[in-house]
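Colleague: Next come a sequence and a model predicted from it.
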Amino acid sequence: MPRSLIAAYRARLPLGPADAQLLHRTPDERVFGLYRAARLTSVFQPVADRTGAVIGQVGYVRCEGDGAVDLSPWQFFAFAASGDELVRLDRLCRTVHALNYFGVDEGGRRLHLLVEHRLLTTVPDDHGRAFERVLASFEVKASRVVIELPAEASGNPGLLAHVIANYRYHGYAVAARALPGKLETVAALRPDVVRLDPRDHRNGELAKAIALARHFGVKALVERLDSAAAVEHALAAGADALQGFAIGRPSIEAHCSGASVPGANHVLEAAAAP
């Protein structure tokens, strides 16, 4: 049902930036948003489990336009000067990601959406309520979305606990990052997932970090896995989920139709070989 509702909605969108509407579609039926002079569209990077099966996709903003270059989500959100503009931009990006992702997904996999750290304090309460209404209009449950909280939030445990509770209240899953030395603080708040960057956990510390997360009943997603050796290390350390170029690169194709990312099984099999 979500696919058919989104397809019907998408068909009503104008082709190209023909008017002042925020949302448009391309000839290949992808949705993009207009922000200032830029076209905002989605790319998706797969998240795999230990077998290589896709369990979700992370949505990233890409900027297209006259002479525009690809920007990271954080660089792009830096353009939003005021709190109100930041909220509008965030909602536009989330809506574009949701329409592009849930318009093709058939397997029930989750969409991971990143939150810019300034948004956590700009919206004082009820985080996720407005986007939940957007999802509900297309009959997509909030539980299909993983809200990715930034590491900066771990410096304010009270705010982080409040934000996690808000998103949980509306049905979202929550993933969180931690600043160095703050992992136990974050894990103790029991998000669904903690994201771990191997660069922050060297010399055998990754396994300890994963064990700490599991102590609190939290799953560990190891990111920035860009080689078979990095995947092997993450698997040996006990990672529950994996993300990085060795698993799959960001693409306009969300890899929703298959059980695994092309090439991911080969990498994982090589990493597991003696």
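Modeller: Yep, that arrived. Residues are numbered from 1 along each chain as shown.
Colleague: make it CA atoms for all contacts and neighbour counts henceforth
Modeller: Fine.
Colleague: what ranges do the strands span in this structure?
Modeller: For the chain, the strands defined by DSSP state E cover 23-25, 31-35, 38-49, 54-64, 110-114, 145-149, 173-176, 193-196, 219-222, 241-242.
Colleague: mind checking which of those is nearest L206?
Modeller: For L206, the closest of those is strand 193-196, at 8.0 Å, according to CA to CA.
Colleague: wait, which of the strands of the chain is closest to P250?
Modeller: Relative to P250, the nearest member of the strands of the chain by CA to CA is strand 38-49, separated by 4.2 Å.
Colleague: if you average pLDDT over that closest one, what comes out?
Modeller: The pLDDT scores in strand 38-49 average 91.
Colleague: how far away is the closest residue in space to R94 that isn't next to it in sequence from L40?
Modeller: Closest residue to R94 apart from its sequence neighbours, by CA to CA, 6 or more residues apart in numbering: L113 at 7.2 Å. To L40, L113 is 15 Å away according to CA to CA, to the nearest Å.
Colleague: do A136 as well
Modeller: 23 Å.
Colleague: now swap in E148 and tell me
Modeller: E148 is 20 Å from L40, where distance means CA to CA.
Colleague: bridging residues for the residue nearest to R94?
Modeller: Taking DSSP bridges as the rule, L113 bridges to G59, I147.
Colleague: Verify the stated contact: it with R144.
Modeller: No - the criterion here is CA atoms under 8 Å, and L113 misses it with R144 at 10.7 Å.
Colleague: related to what we said a few turns ago, let me see the contact set for the residue nearest to R94.
Modeller: Shown in contact with L113 (CA atoms under 8 Å, 6 or more residues apart in numbering): V58, G59, Y60, R94, V145, V146, I147, E148.
Colleague: count of neighbours near D200?
Modeller: Here the number of neighbours of D200 (other CA atoms under 10 Å) works out to 14.
Colleague: from here on, count from 44
Modeller: That works, and once the first residue is 44, the last one we named lands at D243.
Colleague: so what's it closest to, chain neighbours aside?
Modeller: P223 (7.1 Å).
Colleague: Can you read off the backbone torsions of the one you found?
Modeller: In terms of degrees, to the nearest 10, the main-chain angles of P223 are phi -50, psi 130.
Colleague: ok, it - how many residues close by?
Modeller: A count of neighbours around P223, defined by other CA under 10 Å, yields 11.
Colleague: and what of L83?
Modeller: With other CA under 10 Å as criterion, L83 counts 23.
Colleague: swap in Q64?
Modeller: Using other CA under 10 Å: Q64 sits among 11 other residues.
Colleague: where's it relative to R131, distance?
Modeller: Distance from Q64 to R131, by CA to CA: 14 Å.
Colleague: could you give the mean pLDDT of the longest helix anywhere in the chain?
Modeller: Ranked by residue count, the top helix of the chain under DSSP state H comes out as helix 126-145. For helix 126-145, mean pLDDT is 89.
Colleague: Tabulate the CA atom coordinates of it in PDB.
Modeller: Taking Å, rounded to 0.1, in the frame of the first residue of the first chain, the C-alpha atoms of helix 126-145 are listed here in PDB:
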ATOM      1  CA  GLY A 126      16.300  27.700  13.600                       C
ATOM      2  CA  ASP A 127      13.000  27.900  11.600                       C
ATOM      3  CA  GLU A 128      14.900  27.500   8.300                       C
ATOM      4  CA  LEU A 129      16.800  24.500   9.700                       C
ATOM      5  CA  VAL A 130      13.500  22.800  10.700                       C
ATOM      6  CA  ARG A 131      12.000  23.500   7.300                       C
ATOM      7  CA  LEU A 132      15.100  22.100   5.500                       C
ATOM      8  CA  ASP A 133      15.200  19.000   7.700                       C
ATOM      9  CA  ARG A 134      11.600  18.200   7.000                       C
ATOM     10  CA  LEU A 135      12.100  18.700   3.300                       C
ATOM     11  CA  CYS A 136      15.100  16.400   3.200                       C
ATOM     12  CA  ARG A 137      13.300  13.700   5.300                       C
ATOM     13  CA  THR A 138      10.300  13.900   3.100                       C
ATOM     14  CA  VAL A 139      12.400  13.500  -0.100                       C
ATOM     15  CA  HIS A 140      14.200  10.500   1.400                       C
ATOM     16  CA  ALA A 141      11.000   8.900   2.500                       C
ATOM     17  CA  LEU A 142       9.300   9.300  -0.900                       C
ATOM     18  CA  ASN A 143      12.300   8.000  -2.800                       C
ATOM     19  CA  TYR A 144      12.900   5.100  -0.400                       C
ATOM     20  CA  PHE A 145       9.500   3.800   0.500                       C
END
